[in-house]
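Undergrad: sequence plus predicted model, see below.
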Amino acid sequence: MTLQRTRPDLPSKDKRWKLVNATMRRNGYAGHALIESLHAVQDAFGFLDEEAMTFVADSLDVPLSKVYGVATFYHLFMLKPQGRHACVVCTGTACYIKGAGALIEGIEERFHAAPGETTADQALSVLTARCVGACGLAPAVVLDGNVIGKLAVGQLCDLLAEEVAE
Amino acid sequence: MPLPAPRTNVRVVTLNINGQDLSAREDETVIELCRENKIPIPSLCWMDGLSVVGACRLCVVEIAGSPRLQAACSTRVREGMVVQTSTDRLRRYRRILVELLFAERNHVCSVCVSNGHCELQWLAQTCGVDHVRMPYRGVGYSLDSSHEMFRVDHNRCVLCTRCVRVCDEIEGAHTWDVMGRGSGCQVVTDLAKPWGDSGSCTSCGKCVQVCPTGALVKQGTSVGEMVKDQQFLSILARRRSNR
Amino acid sequence: MNLDDLADLAAKYRNEAQEPEIEVRVCMAASCQSSGAVPVLDALRAGCGDKPEGNCKVKGVGCMGLCSAGPLIAVAPPAAPLEEAVIYRDVTAEDAPEILASAFPGSTPVERLRCPTDMPFFSRQHKIVLENAGIVDPNSFRGYVMAGGYAAMVQALSEMPPQDVINEVTTSGLRGRGGGGYPTGLKWSTVAKMPAGQKYVICNADEGDPGAFMDRAILESDPHRVLEGMAIAAYAIGANKGYVYVRAEYPLAVERLKTAIRKAKRAGFLGNHICETQFNFDVEIRLGAGAFVCGEETALMASVEGGRGQPRPRPPYPAEYGLWGSPTLINNVETYANIAPIITNGGAWLAGIGTEKSKGTKVFALAGTIVNTGLIEVDMGTRLRDIIFDIGGGIPNGKGFKAVQTGGPSGGCVPEAHLDLPVDYDSLKTLGTMMGSGGMIVMDETSNMVDVARFFMEFCMDESCGKCIPCRTGTQQMHGLLDKIARTEASRTDLELLEELCEVVQATSLCGLGQTAPNPVLSTLRYFRQEYEQQLG
């Protein structure tokens, strides 16, 4: 006996679901494409919500708990919406030695967001990364995808304030 | 690791465990052979009938010629192998591992429904853990009583993943899995929603029966009343593999 | 296709490209890009277009090594090595006209921007893996072929049976560059001996060691080199499918790799019937998602299969039971980058470089409190002192040297007293540290070693996958104890417990991450015990 597998409809008319679906289709809706699919969701929506995880689980025919387990295992996957700007402070060894800790403290003091948190006005998310491989620029920060290096706390905070104000 | 397919022509090997000469089928693991011959090796995650994960590390043994300790559950027997299962060093390590388990979550036996029928409690006794030298982590975990028949108390969970494996491999539902990583790990049903709301759970209760501690229990049990019955597992596992 | 055909192809490309008299190479690796290399490239391109003579070409290239002085620019005749080029450091877009005006032979270089190439940082290196880095355009398939690329693959496919390829790799004495130092030839022949059927080749580019950026630089500078190595490996072991597992934190490397795969496929150097032979090999990229433990090979495979990146007990080793249960060869980026020159020059050639048991060169990432932060490649057996004080330029701001940390969170610290030791896999092991993937973090006298140990323990604690107890809770308890010592609240009993926990976690953990997690503590205890003692309450 073979059971016909039916794929779920897209959750809504939002065009971004088509991008997610395209990634899954390209991988033949195989279960091993789970991480790729979650990347696609996060690229499209910025974070993974229940609706998205359920859609991916149903499309790839993977148990819900497995999807949740994978989504929470990897640091890059976000289960909550992120701020309009993301500031990733590198806490690799080289950056640590050159004062990444002070950057984190400085940001927390000025913007009241600890690593992993988003400011109340949803303007800025503060994150940490384990080495972005820019040790030559230590301490390094990735602001909205751009690596910025060798900044003092004050300079960084001013820069962030400028970005957030826009 | 998936369950190994049954082999049709297996050879027999002889080996030595704690000075005792034994014969074994070559597809057996050291722990299986020890259980057969009533040689005690503490274990927590290993269970006859479930896949091997090698996570609890309590069954580590010394093998002559191997620089590293090996987990008895994930080590196949070999011809001429010489194994020690209970040296001073191993006993010392096991004691610390059990202490680490106790310190990780809030295990208070006196108020636990599994008191007296708990594998962790039993391990502490056999490994000589009379007190725990490390500070308890003291993180409060939740208790979920939303299921009409069962209850999960994460404070008692040792993350052996027996529930996850029995649900996936024997029941086939895969309701349970592990979320997070490191000490943030926790077993979850579906998308970490209340167990009672799970759409995939069949309420078969297998997870409750295989749970070594008072983490998964039946509703309505009080202190010391939760006795687990695990006989079904080897029978089911055998039926499945013979099919 | 044979080697002559490939040479014809390279000649054809060269003809079509109309090589200029002089090249202006702009480093477009991630570090220099962050320092502002893109506007510099644009300004140079705009300026170059104005020149009527037109025999000057601006091109983006990979890493030149001296990352802390970026953006770097090299002016040289085409294909000339870095030492023969005029190198400019800390260049801005405003400097473009001046650089272009002085680019041609006979004119005086811009002295105020000049970075001397006779300094030890350049002259003491020996580039094999990085020979194309900073010279070829990483986005150009043609550029790689013109630089002699894919010759090793064509030679292997057209002239060598798979066993000969494995023999050359075995003869070379190459050992895995990812950290463990397992003999590469032995690994290859084990997978090759497994019964024919589905086999896989995986490239481990999940460079998670904080302070290590060798793999990133190789992928960003010379992605075809890695693909060529993988294809040769696949041919040797009988695989037809490969995966490159790259960290998502390296978007530029991923993009260059994607471009390289696409272009190589289009040219028939990847895919089906490679170079008109019966050999098929397809490569796919798999993105990591921020988990250090995925550098462990069984965890990496679990992640490629789409699951939680948790290791499983070995044996069975991946060579026997790997990806989806098939025999799988996993090597590191740098290991694959060593393959092409081994095939071209013969295994004996590489075996002539390095020390008795560690052959060839090693790429190191120098970081921390050191003058020349960046990427270097030296012969195995170079003394640590030469690496740090000659090539690295020593400690800035007149401070004294305290220790160098190698091997990332799995390694340890080497103090001043042992700096004269030649660096190879075995010598570092005797010092209680390890080669690791090649990160070297230099610490000056102001560093507190308890603090350093606590930093690494926090890393291991955060990155523990949570599967086995010693690593999951043991690292956490050790971190608590180190924290207590750092706050000068710990007693002697706490220090004893710390040492006992180190022993248990090392002996009982399931995978390499846990087994080596105590190393930073053990090595700092070994060389800087007095610092611990002083901080006891």
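TA: Sure thing, it's come through. Computed from a predicted structure; not experimentally measured.

Undergrad: use CA for all of it now, contacts and neighbours both
TA: OK.

Undergrad: gap between the residue of chain C found nearest chain B and A:Thr91?
TA: Shortest chain C-to-chain B distance, computed as Cα to the nearest Cα: residue-wise this is C:Gly466, at 3.7 Å. For C:Gly466, the distance to A:Thr91 (Cα to Cα, to the nearest Å) stands at 21 Å.

Undergrad: tell me which of those two has more neighbours.
TA: A:Thr91 (29 against 25; other Cα atoms under 10 Å in any protein chain shown).

Undergrad: from memory B:His154 sits against B:Tyr141, does it?
TA: Yes: A contact is recorded between B:His154 and B:Tyr141 when judged using Cα atoms under 8 Å, the distance being 5.6 Å.

Undergrad: what do these two both touch?
TA: Taking Cα atoms under 8 Å, 6 or more residues apart in numbering or on different chains as the contact criterion, no residue touches both B:His154 and B:Tyr141.

Undergrad: looking at those two, which is more packed in?
TA: It is B:His154, of B:His154 and B:Tyr141, that has more neighbours when counted by other Cα under 10 Å, with 21 against 14.

Undergrad: could you chop chain A up by domain?
TA: Residue ranges for the domains of chain A, per automatic domain parsing: A:16-73, A:85-165.

Undergrad: and the contacts of stretch C:92-106?
TA: With Cα under 8 Å, 6+ apart as the contact definition, stretch C:92-106 has outside contacts at C:22, C:24, C:36-37, C:39-44, C:47-48, C:71, C:75, C:108-110.

Undergrad: before we move on, what about stretch C:329-342?
TA: Counting by Cα under 8 Å, 6+ apart, C:128-129, C:150-153, C:168-169, C:172, C:174-178, C:184, C:187-188, C:191, C:200-205, C:214-215, C:218-219, C:225-230, C:232, C:297, C:318-319, C:349-350 sit against stretch C:329-342.

Undergrad: quick one: the helices in the chain?
TA: With no chain named, the answer covers chain A. In chain A, the segments counted as helices under DSSP state H are A:16-26, A:34-45, A:50-60, A:64-73, A:93-97, A:100-111, A:153-165.

Undergrad: I was thinking of chain B, sorry if that wasn't clear
TA: Chain-ordered helices for chain B, with DSSP H as the definition, fall at B:30-36, B:88-104, B:119-126, B:162-165, B:206-210, B:231-242.

Undergrad: tell me which parts of chain C are close to chain A?
TA: Residues of chain C lying close to chain A (Cα under 8 Å from any Cα of the partner chain) are C:30-31, C:34-35, C:67-68, C:208-213, C:216, C:249-250, C:286-287, C:289-291, C:303-309, C:367-369, C:373-374, C:441, C:443, C:465.

Undergrad: need the buried ones from those selected in ChimeraX.
TA: Here is the ChimeraX command that selects only those of the residues of chain C next to chain A that count as buried (16 or more other Cα atoms under 10 Å in any protein chain shown):
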select /C:30,31,34,35,67,68,208,209,210,211,212,213,216,249,250,286,287,289,290,291,303,304,305,306,307,308,309,367,368,369,373,374,441,443,465
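
Undergrad: just the residues of chain C next to chain A: which are in strands?
TA: Cross-referencing those with the strands (criterion: DSSP state E) gives C:Arg286, C:Leu287, C:Ala367, C:Gly368, C:Gly374, C:Ile441, C:Met443 as the overlap.

Undergrad: quick check: the first one touching C:Val304?
TA: Looking back up the chat, that one is C:Arg286. Yes: under the criterion of Cα under 8 Å, C:Arg286 makes contact with C:Val304 at 6.6 Å.

Undergrad: number of residues surrounding C:Glu284?
TA: If you count neighbours by other Cα under 10 Å, C:Glu284 ends up with 14.

Undergrad: which strand residues bridge it?
TA: Under DSSP bridges, the beta-bridge partners of C:Glu284 are C:Tyr243.

Undergrad: what's the closest residue to B:Ala124 other than its chain neighbours in contact with, if anything?
TA: With Cα to Cα, 6 or more residues apart in numbering or on different chains as the criterion, B:Ala124 has its nearest non-adjacent residue at 6.4 Å, and that residue is B:Val98. Contacts for B:Val98 were tallied using Cα under 8 Å, 6+ apart; they are B:Leu120, B:Leu123, B:Ala124, B:Cys127, B:Val129.

Undergrad: cool, and B:Ser200?
TA: By Cα under 8 Å, 6+ apart, the contact list for B:Ser200 reads B:Ala173, B:His174, B:Thr175, B:Asp190.

Undergrad: low-scoring pLDDT stretches of the stretch 401-537 of chain C, where are they?
TA: Within the stretch 401-537 of chain C, no stretch has pLDDT under 70.

Undergrad: same thing but at 80, please
TA: Judged by pLDDT under 80, the stretch 401-537 of chain C has its weakly predicted residues at C:537.

Undergrad: for it, which segments count as strands?
TA: Counting by DSSP state E, counting those that start in this stretch, residue ranges of the strands within the stretch 401-537 of chain C are C:401-406, C:412-415, C:439-444.

Undergrad: what lines up beside the first one in the sheet?
TA: Put plainly, it is strand C:401-406. Each strand that strand C:401-406 pairs with, and the sense of that pairing, follows from DSSP bridges: strand C:412-415 (antiparallel), strand C:439-444 (antiparallel).

Undergrad: for A:Glu105, which of those strands is the nearest?
TA: Ranking the strands paired with strand C:401-406 by distance to A:Glu105, with Cα to Cα as the measure, places strand C:439-444 first at 22.3 Å.

Undergrad: for that closest one, which outside residues touch it?
TA: Counting contacts by Cα under 8 Å, 6+ apart, the residues outside strand C:439-444 that touch it are A:93-94, A:97, C:209-214, C:364-370, C:388, C:395, C:399-408.

Undergrad: CA atoms only for that strand, dumped as CSV, please.
TA: Taking Å, rounded to 0.1, in the frame of the first residue of the first chain, the C-alpha atoms of strand C:439-444 are listed here in CSV:
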residue,chain,number,x,y,z
GLY,C,439,44.7,29.9,14.2
MET,C,440,47.4,31.6,16.3
ILE,C,441,46.3,34.2,18.8
VAL,C,442,49.2,36.1,20.4
MET,C,443,48.7,37.5,23.9
ASP,C,444,50.8,40.1,25.5
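
Undergrad: who in chain A is up against chain C?
TA: Checking chain A against chain C by Cα under 8 Å from any Cα, the hits are A:31-36, A:66, A:69-70, A:73-77, A:92-95, A:97-98, A:130-137, A:146-149.

Undergrad: buried members of those residues into PyMOL, please.
TA: Applied in PyMOL, the following selects the buried portion of those according to 16+ other Cα under 10 Å:
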select buried, chain A and resi 31+32+33+34+35+36+66+69+70+73+74+75+76+77+92+93+94+95+97+98+130+131+132+133+134+135+136+137+147+148+149
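
Undergrad: on that earlier part again, for the residue nearest to B:Ala124, give its distance to chain A.
TA: With distances defined as Cα to the nearest Cα, to the nearest Å, the gap from B:Val98 to chain A amounts to 25 Å.

Undergrad: got a pLDDT number for that residue?
TA: According to the prediction, B:Val98 has pLDDT 97.

Undergrad: from A:Cys131, how far out is the closest residue to A:Ala102 other than its chain neighbours?
TA: The shortest distance from A:Ala102 to any residue that is not its chain neighbour, by Cα to Cα, 6+ apart, is 6.8 Å, and that residue is A:Val153. Taking Cα to Cα as the measure, A:Val153 and A:Cys131 are separated by 19 Å.
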